[in-house]
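**Student:** Give me a model of this one.
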Amino acid sequence: MKKILVIGSTVADIIVKLEHMPKTAEDVNVESQESSLGGCAYNVSEMIRHFKVPYILFSPIGGGIYGEYVANQLALKGLKPPLAGQGIGDNGCCYCFVEDTGERTFICHHGAEYLFKKEWFDALDTDQISMAYICGLEIEDKTGDVIVSFLEEHPEIQVCFAPGPRICYIDRTLMDRLFALHPIIHLNEDEVCGVTGCDDIKTAAIKLHEKTGNLVIVTHGSQGSYCYDGSTLHFAEPVKADNLVDTIGAGDAHCGASLAGLAGGLPIAQVLADANKAASLVVQTKGASLSDEIFEAAFK
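**Tutor:** I've put the predicted structure just below:
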């Protein structure tokens, strides 16, 4: 099996637990604070790894305290820091505020993890790659054109684009170029309806499919997920989360599981079912990643 190229960020998630997000000028006390490894690309790659699908984590690691933290955490997992020591500046971080409801709010400090160089892509052996994951944050940043140009040079690579909530901020020219590559799209309900201006998932998915001509996968939180393939809107029942801890990384987990299933040639129904289960496990775990033990117990 060829590899999935996972393009994007690996960062330190600073997880801050508090009762509720403060209003302007309000004082609130933090219940707890801790750090963990995160970033969209890392989270997606971890889920692909769990499903034992080969992948390449293509993620710049910068310097500074957060770059050092990321490199050390990757080393503890037996992973060599990807694209490290390239002199591209300090790594950023993501402040994850988790309220008592389990809902999360992100405040991101972008750094080297969002910046890419053409020569890094030139060094890839693209004969080993069948699919590529990208999210919207890297495309929105100043080297987004470098990523899109690489994908345009290799139309044989199937793109999976998970633009996230920043989809409306991405340069329209870059978006049009990406849509021309016929990517698989992975979004949640708010994002797909927001970018299309539609009021319901089916209409929004159909409208987006008209632009891409490929699968449109839409997550709907605790109500399940959908996939429109050009003729049928497939639906998968949700997997109940008995103990909601936080929603950090749920979308990334769903996307990573979807990619693994599609790479393995699974039918859409199975892809969605596995992705729903993976996302359900993540929201019952602190942070964005699952331990091998939790994953293997659920997918044995």
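**Student:** CA only for contacts and neighbour counts going forward, please
**Tutor:** OK.
**Student:** In contact with Leu215, which residues?
**Tutor:** Contact analysis of Leu215 by C-alpha atoms under 8 Å, 6 or more residues apart in numbering lists 183-185, 209, 227-230.
**Student:** now do 7 Å
**Tutor:** 184-185, 209, 227-229 (C-alpha atoms under 7 Å, 6 or more residues apart in numbering).
**Student:** got TSV for those, with distance to Val195 and neighbour count too?
**Tutor:** Output for those, formatted as TSV (distance: C-alpha to C-alpha, whole Å; neighbours: other C-alpha atoms under 10 Å):
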residue	distance to Val195	neighbour count
Ile184	15	21
Ile185	12	25
His209	12	21
Cys227	17	24
Tyr228	16	23
Asp229	19	18
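**Student:** so Ser59 sits right up against Pro82, yeah?
**Tutor:** Yes - between Ser59 and Pro82 there is a contact under C-alpha atoms under 7 Å: 5.6 Å.
**Student:** out of the two, which sits in the busier spot?
**Tutor:** Legend: neighbour count by other C-alpha atoms under 10 Å for Ser59 and Pro82, higher for Ser59 (24 against 15).
**Student:** roughly how far apart are that one and Pro183?
**Tutor:** When distance is defined by C-alpha to C-alpha, to the nearest Å, Ser59 is 20 Å away from Pro183.
**Student:** Helices along the stretch 1-150 of the chain, start to end?
**Tutor:** 40-50, 64-76, 118-122, 136-140, 144-153 (DSSP state H, counting those that start in this stretch).
**Student:** Now render these as CSV, adding mean neighbour count, distance to Asp292 and mean pLDDT.
**Tutor:** As requested, the helices of the stretch 1-150 of the chain are exported to CSV (neighbours: other C-alpha atoms under 10 Å; distance: least, C-alpha to C-alpha, whole Å; pLDDT from 0 to 100):
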stretch, mean neighbour count, distance to Asp292, mean pLDDT
helix 40-50, 25, 7, 96
helix 64-76, 17, 14, 92
helix 118-122, 12, 31, 94
helix 136-140, 22, 28, 93
helix 144-153, 16, 31, 97
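**Student:** Which of the ones you listed sits closest to Gly164?
**Tutor:** Nearest to Gly164, of all those, is helix 136-140, at 6.1 Å by C-alpha to C-alpha.
**Student:** Who are the packing partners of the closest one?
**Tutor:** Here helix 136-140 touches no other helix or strand, going by 3 or more C-alpha pairs under 7 Å, 6 or more residues apart in numbering; DSSP states H and E.
**Student:** Quick check: which element contains Ala241?
**Tutor:** Here Ala241 sits in a region with no helix or strand, counting by DSSP states H and E.
**Student:** got a list of what it touches?
**Tutor:** Per C-alpha under 7 Å, 6+ apart, neighbours of Ala241: 280, 284.
**Student:** can you list contacts of stretch 66-84?
**Tutor:** Contacts for stretch 66-84 (C-alpha under 7 Å, 6+ apart): 11-12, 37, 57-62, 90-93.
**Student:** Tell me which entries of the residues you listed lie within strands.
**Tutor:** Among those, the members found in strands (DSSP state E) are 11-12, 37, 57-58, 93.
**Student:** what's the neighbour count on Glu210?
**Tutor:** 12.
**Student:** how far away is it from Ser130?
**Tutor:** For Glu210, the distance to Ser130 - C-alpha to C-alpha - is 24 Å.
**Student:** Could you identify the most distant pair in the contacts of stretch 66-84?
**Tutor:** Leu57 and Asp90 (18.9 Å).
**Student:** Tell me which of the two has more neighbours.
**Tutor:** Leu57 (23 against 18).
**Student:** how about the closest residue to the more buried one other than its chain neighbours, what does it touch?
**Tutor:** Distances taken as C-alpha to C-alpha, 6 or more residues apart in numbering place Val6 nearest to Leu57, at 5.0 Å, with adjacent residues excluded. When contacts are counted by C-alpha under 7 Å, 6+ apart, Val6 touches 41, 45, 55-58, 132-134.
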